[in-house]
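J.: let's see this in three dimensions:
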Amino acid sequence: MLGIQRPVSPPVKATFLVVAQNHERDGILSTILQIEKRFNHQFHYPYVVLSPEPLTDAFRNAMATATKAKVIYGTIDDSLWTYDDAEKANNASTVRQLITRVHRFYTGFMHRHSLLQGFDYYWRVEPNVEYHCDIDYDIFQWMKNQRLQHGWALATMATTEASLHDTWVSYSNHIRSAVLDNEFVTDESTFFIFITDNGAAYNGCQFGSALEIGSMEYMRTEEYDRLFRFLEQSGISYGRETDVALRMFMTTIHLRKNHIHFFNDIGVSKGGLTHCPSEKYLSTKCHCPQPMAANASTCQSRFENLRHGLRWDEETYRRRTQPQRLPIHLDNLKLTS
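T.: Next up, the predicted model:
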């Protein structure tokens, strides 16, 4: 068999990020078991598990069973979690409060947490996400080598949060006057063109959080924090689709299209949405719950029209991912009958 030389420690400062409470244990465990099976049993990237409440021994024991990688536990301080004024004003239910707090944390505070300061990249871990493809190259190393800031596999249309469209009007007017100029807004190399129609109204496109792999570099800038404070002051109402949409709003001034990568080779499902690659050469790596077909998402098609060459042929796939594959010890090569 082929002996694989595993690195003593991961070569990139990256982590899987879990934000969860005790009642989400089973869903988180399900996702982590698949991440380990499909990817991390080879690369051993650590997990940072953050919670606003003390996690039970049952939760921690489940994590220890699911992965051999290092697991770092931390709490989310009230100053990064509670949103009392808005919650009281809206007379929010417990479920609504949780949605508000989780999405607000991801949007404006996760990159500030002390346990994440030693990491440059994160892979967001959400409950009950299914991964359908084996990943045999280092995703984080790929992100670093290509100088990418955000990776995704599912693109969706925000339809349930009407307030997002009002927020975009306020936000875009602000950045046009305070940050950007018309030349930037109409520049086809920017991200602006993906989420707007002719640089004007928000079209609802966003990258789903089922697969969210990113750099925290641009989030740690004063400019990002300043824009987040503006959104808070504008009275944004956090909802189920809010944090990924707001992140996309703020990336419009930080990222260009070539900073963003579509992981076509990572099949993923959540909440009835599925992406699986249609390329025949990937069929041995992927086991999808439905016949392999191209994702019909309007937003995904829009992004692919803006950035060509995202679906690779087999030769391109091998060539581009090879530098991120684990080295093989030829001395350990054994022939078996």
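J.: residue 324 is in contact with residue 42, correct?
T.: No. Residue 42 lies out of contact with residue 324 (CB atoms under 8 Å); the separation is 11.3 Å. Every C-beta, even on glycine, is put in place using the N, C-alpha and C of the backbone.
J.: element containing residue 101?
T.: Assessed by DSSP states H and E, residue 101 sits inside helix 94-108.
J.: what comes up buried for that helix?
T.: Residues 96, 97, 99, 100, 101, 102, 103, 104, 105, 106, 107, 108 are the ones in helix 94-108 that count as buried (16 or more other CB atoms under 10 Å).
J.: and for stretch 313-326?
T.: Neighbour count says stretch 313-326 has 317, 321, 324 buried, by 16+ other CB under 10 Å.
J.: quick check: phi and psi on the closest residue in space to residue 71 that isn't next to it in sequence?
T.: The shortest distance from residue 71 to any non-neighbouring residue, by CB to CB, 6 or more residues apart in numbering, is to residue 47 (4.7 Å). The phi/psi pair for residue 47 (degrees, to the nearest 10) reads phi -120, psi 140.
J.: again with residue 15
T.: Torsion angles, degrees, to the nearest 10, at residue 15: phi -150, psi 160.
J.: you'd agree it is up against residue 116?
T.: Yes. With contact defined as CB under 8 Å, residue 15 counts as touching residue 116 (7.3 Å).
J.: which residues are contacting the helix or strand hosting residue 28?
T.: Using DSSP H and E, residue 28 sits in helix 25-35. For helix 25-35, contacts defined as CB atoms under 8 Å, 6 or more residues apart in numbering pick out 16, 18, 20, 47, 56, 58-59, 62-63, 66-67, 123, 125-131.
J.: do that again at 10 Å, thanks
T.: 16, 18-21, 24, 40-41, 45, 47, 49, 55-56, 58-63, 65-67, 69, 71, 123, 125-132, 135, 210, 268, 270 (CB atoms under 10 Å, 6 or more residues apart in numbering).
J.: C-terminal to that helix, what's the next element?
T.: Going down the chain from helix 25-35, the next helix or strand is helix 41-43, by DSSP H and E.
J.: other SSEs contacting that next one?
T.: Applying 3 or more CB pairs under 10 Å, 6 or more residues apart in numbering; DSSP states H and E, one finds that helix 41-43 contacts helix 139-145.
J.: just how off-centre is the helix it packs on within its chain?
T.: 14 Å (CA atoms, centre = their mean, to the nearest Å).
J.: same thing with stretch 210-229?
T.: On CA atoms, centre = their mean, the centre of stretch 210-229 falls 12 Å from that of its chain.
J.: any idea which residue sits dead centre in this structure?
T.: residue 212 (1.1 Å; CA atoms, centre = their mean).
J.: burial measure for the residue lying closest to residue 203 once chain neighbours are set aside, as a count.
T.: Of all residues not flanking residue 203 in the chain, residue 197 sits nearest, at 5.1 Å (CB to CB, 6+ apart). Residue 197 sits with 11 neighbouring residues when counted by other CB atoms under 10 Å.
J.: and the pLDDT for residue 197?
T.: If you check residue 197, the pLDDT there is 72.
J.: then residue 4?
T.: 47.
J.: what is the burial count for residue 305?
T.: 9.
J.: let me see the mean pLDDT of stretch 132-148.
T.: Stretch 132-148 comes out at a mean pLDDT of 94.
J.: return the alpha-carbon coordinates of that stretch using PDB.
T.: The C-alpha coordinates for stretch 132-148 follow below in PDB (Å, rounded to 0.1, in the frame of the first residue of the first chain):
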ATOM      1  CA  HIS A 132     -20.700  13.900  -0.600                       C
ATOM      2  CA  CYS A 133     -17.100  13.900  -2.000                       C
ATOM      3  CA  ASP A 134     -13.700  12.800  -0.800                       C
ATOM      4  CA  ILE A 135     -11.200  15.700  -0.600                       C
ATOM      5  CA  ASP A 136      -7.700  14.500  -1.000                       C
ATOM      6  CA  TYR A 137      -5.800  17.800  -1.200                       C
ATOM      7  CA  ASP A 138      -5.400  20.500   1.500                       C
ATOM      8  CA  ILE A 139      -8.200  23.000   1.000                       C
ATOM      9  CA  PHE A 140      -6.600  25.600   3.300                       C
ATOM     10  CA  GLN A 141      -3.300  25.300   1.500                       C
ATOM     11  CA  TRP A 142      -5.100  25.900  -1.800                       C
ATOM     12  CA  MET A 143      -6.800  29.000  -0.400                       C
ATOM     13  CA  LYS A 144      -3.400  30.300   0.800                       C
ATOM     14  CA  ASN A 145      -1.500  29.500  -2.300                       C
ATOM     15  CA  GLN A 146      -4.100  31.100  -4.500                       C
ATOM     16  CA  ARG A 147      -4.500  34.100  -2.200                       C
ATOM     17  CA  LEU A 148      -8.200  33.400  -1.900                       C
END
